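K.L.:
Pasted the sequence and its predicted model underneath.
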Amino acid sequence: MYILLVLLGLTTTSRTTAQTADNAELEQLQQEMYRYYSTNEVEKFTNIVEQLKAKALQAGDERLFYKAWANLSTYSFSHVSRQKGLDLCLEMRNYAQEHDSKFGLYTSTFANAHMLTNLKQYVLAEKNYQNCIEYLNRYFPDESTAAIYLSLAKICQNNDETEKVREYAQKVLDDPHATDLYKLNAMSYICLTYSQLDGRNLEQFNRAYEERQKMKEKIGQEGFFGLAIDFEHALLNGDYDKAIALIDKMSPLEQKRMKVRVYEKMGDYKEALQWYKRYRDHRDSVNVASVRQQSSEYAVELDVARAESEAKDLRLTNQELLLRQTQNQLEQQRLETEAADLKLKNQQIALENATMQLENATLDGKAKELELREALLEMEAEQQARKTRRLTRVYLYAAIAVAVAALAFFLWRRQRQMKRLKGINQQLQQAYDRLEKTTSAKERIESELRIARDIQMSMVPSDFPHRPDLDIAAYMKPAKEVGGDLYNYVLLDDDTLYFCIGDVSGKGVPASLFMAQATRLFRSQAMLRQLPVNIANHMNAELAESNEQGMFVTMFIGMANLRTGRLDFCNCGHNPPVLDRQFMTMESNAPIGLWPGLEFVGEHVDDIRQKRLFIYTDGLNEAEDTWQTQFGDKLILALLQGHPAYDCRQTIDMFVENVADFVGDAEPSDDLTLLCIKLTKKK
């Protein structure tokens, strides 16, 4: 017996020791996962997460298992490829749905929202974050919401909503369940809001930076934005060497974007322009339409999975109610059977009493014995009857109590169900009301955008002069209701032609307003007979002033003398035109509106008569078909060289038709504007 107790004690001790060792290993792997998350060591991070997933699954830790999986998908999205991150998120969602894991569905929804944010699909990302909040309130009310508020802060940061960023970050700092790492990231967001003021609030930024440094030293981790915050600190405080050294540790895309800021801060605008072009090309090559579409489809699939899970819960609840109702019916039948058995026993006792009385009547010789036996039998019968009545009352009271309890439970469940259905009905009514308001607002916005489109199109000339020495034609089609492309011309004293074509950064209403201002400035300077280079310098000074949104316009500005054929021009970051079926070689300059005080370089061609000048925006050469193949410069030259005898209108119509055939069913990726000019010598 003593040996058996010792063995049991050793077994218990070894099991406890193994469990403690497993917990310690899980904790160590989790710390390593978060430590490598902010690095570029992809292989190490992936191996650690796969080990953590396996250990968590073995230990039955569902939350740690899905959190590790979500971190792997978002890390792969940022450091490997966006397609890899989306595929991992889809695998996680399918696995969670297959195993009926509500926490898995929540985690996959959160990871997908994170990737939608990086793809700049902010409306869909915010919807997914709201779904996460509702899911936590319904199934995990004790779960911390710090991660969700940090993600919403990121969206507001990208939309320049600094007050909301600080509000969401403060919610994380006030959350008692938030980890130290989450609070460090919240402090990083507060630092970034002050850095956006580009040094105008340097004192507040430095105070926030010092507080973040103390938090970083306390927890011994860098956080998600450590490199970015150190870069902002060096840049805003004028330590450009340190800022450039920190850039080398960033991702390739971030390196290009941050070098634009450093060289702009140093006043080297040409170098800043070169890095801006590299950043724009890299950024456009990453955010392809197929990845954005696939992420949207994943978000829809996650909504369907959550709906199926909730429907499954409702079916289980209905089945449970039906099962309890059946149990109550069986219990009632059992009680009725027991009552019938008692009644039969009473009848049997009564029959036995009658038989004994008959025997007493026929046995006169044994009267005393029979009387005594009869008395005894009557006493036993009375006792049995009392016992039977007592049992009957007990069973009756029990049956009544069970029936009342069942009825009360049924009424309680029914009231609860009715209350829930009433709440669902109210939610549906509210959703319907919001849908009606949204539809009305959308129709009003569409009507206003149609009016804005008509106003914008009326700002560009549609009538062109009919002269033997001048052939001119143009075409403009915005990609959305309103756009940022422009063209215009001014003919002075019948011998001087001013013309321009431009492409404003961005799309929609802001671009159209910027376009209107640029058109007004061009026409006013042309009426003053300014050279194209002076027009560019004047427009840049006007548009760069108080340009907090950082908008700009690429333009080609020309002035042609119809008598001599001389062309003076200034190309401001625009695509080179095609003159006489060859691209012109020229000074590219910077776009208009980026930097005040920038001096542009003007050029000229001695005589362009009898030569066709074709100018366009990048909506032509960057037009894409359904496979994201671009129209390209080679096809532009091929069409111009293949039709040398076309006049300007025929040239414009040829390109419009070819672009439409090339794009097919694909959505237009940019505004399309074309301008063709040809001067003819007078006979």
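P.N.:
Received, thanks. Numbering: from 1, shown residues only.
K.L.:
centroid residue for the chain?
P.N.:
Most central in the chain under C-alpha atoms, centre = their mean is residue 125, positioned 2.2 Å from the mean C-alpha point.
K.L.:
so who does that one touch?
P.N.:
Going by C-beta atoms under 8 Å, 6 or more residues apart in numbering, residue 125 touches 113-114, 116-117, 151, 155. No exception for glycine: its C-beta is placed from N, CA and C like everyone else's.
K.L.:
Mind pulling up the pLDDT for it?
P.N.:
Note on residue 125: pLDDT of 88.
K.L.:
next one: residue 238
P.N.:
On pLDDT, residue 238 comes in at 87.
K.L.:
Okay, the residue nearest to the centre of the chain and residue 148: tell me how far apart.
P.N.:
Between residue 125 and residue 148 the distance is 11 Å, computed by C-beta to C-beta, to the nearest Å.
K.L.:
got it, and residue 469?
P.N.:
For residue 469 relative to residue 148 (C-beta to C-beta), the value is 68 Å.
K.L.:
what's the answer for residue 259, then?
P.N.:
Remark: distance between residue 259 and residue 148 (C-beta to C-beta) = 33 Å.
K.L.:
for residue 473, same thing?
P.N.:
55 Å.
K.L.:
So those two - more neighbours on which side?
P.N.:
residue 148 (21 against 17; other C-beta atoms under 10 Å).
K.L.:
now the strands for the stretch 551-683 of the chain?
P.N.:
553-561, 567-572, 578-579, 582-583, 603-605, 612-616, 672-679 (DSSP state E, counting those that start in this stretch).
K.L.:
Please name the nearest non-neighbouring residue to the residue nearest to the centre of the chain.
P.N.:
Distances taken as C-beta to C-beta, 6 or more residues apart in numbering put residue 116 closest to residue 125, at 3.8 Å, once the chain neighbours are dropped.
K.L.:
my read: that neighbour touches residue 123, true?
P.N.:
No - using C-beta atoms under 8 Å, residue 116 is not in contact with residue 123, being 9.1 Å away.
K.L.:
so what does the strand or helix carrying residue 524 touch, helix or strand wise?
P.N.:
Per DSSP states H and E: residue 524 is located in helix 508-527. Applying 3 or more C-beta pairs under 8 Å, 6 or more residues apart in numbering; DSSP states H and E, we find helix 508-527 packed against helix 367-459, strand 485-492, strand 496-504, helix 532-544, strand 553-561.
K.L.:
redo that, cut-off 7 Å
P.N.:
Packing partners of helix 508-527 (3 or more C-beta pairs under 7 Å, 6 or more residues apart in numbering; DSSP states H and E): helix 367-459, strand 485-492, strand 496-504, helix 532-544.
K.L.:
What's the local residue count around the closest residue to residue 570 other than its chain neighbours?
P.N.:
Counting by C-beta to C-beta, 6+ apart, residue 532 is the residue found nearest to residue 570 once chain neighbours are left out, at 4.0 Å. Other residues near residue 532 come to 28 when the count uses other C-beta under 10 Å.
K.L.:
which ones are touching residue 532?
P.N.:
By C-beta atoms under 7 Å, 6 or more residues apart in numbering, the residues touching residue 532 are 557-559, 568-570, 602.
K.L.:
Next, work out how far apart residue 345 and residue 524 are.
P.N.:
Distance from residue 345 to residue 524, by C-beta to C-beta: 115 Å.
K.L.:
and if you look at residue 672?
P.N.:
Taking C-beta to C-beta, one finds residue 672 at 27 Å from residue 524.
K.L.:
How about residue 159?
P.N.:
Noted for residue 159: a distance of 34 Å to residue 524, by C-beta to C-beta.
K.L.:
out of those two, which sits in the busier spot?
P.N.:
For residue 159 and residue 524, the more surrounded residue by other C-beta under 10 Å is residue 524, and the numbers stand at 15 against 12.
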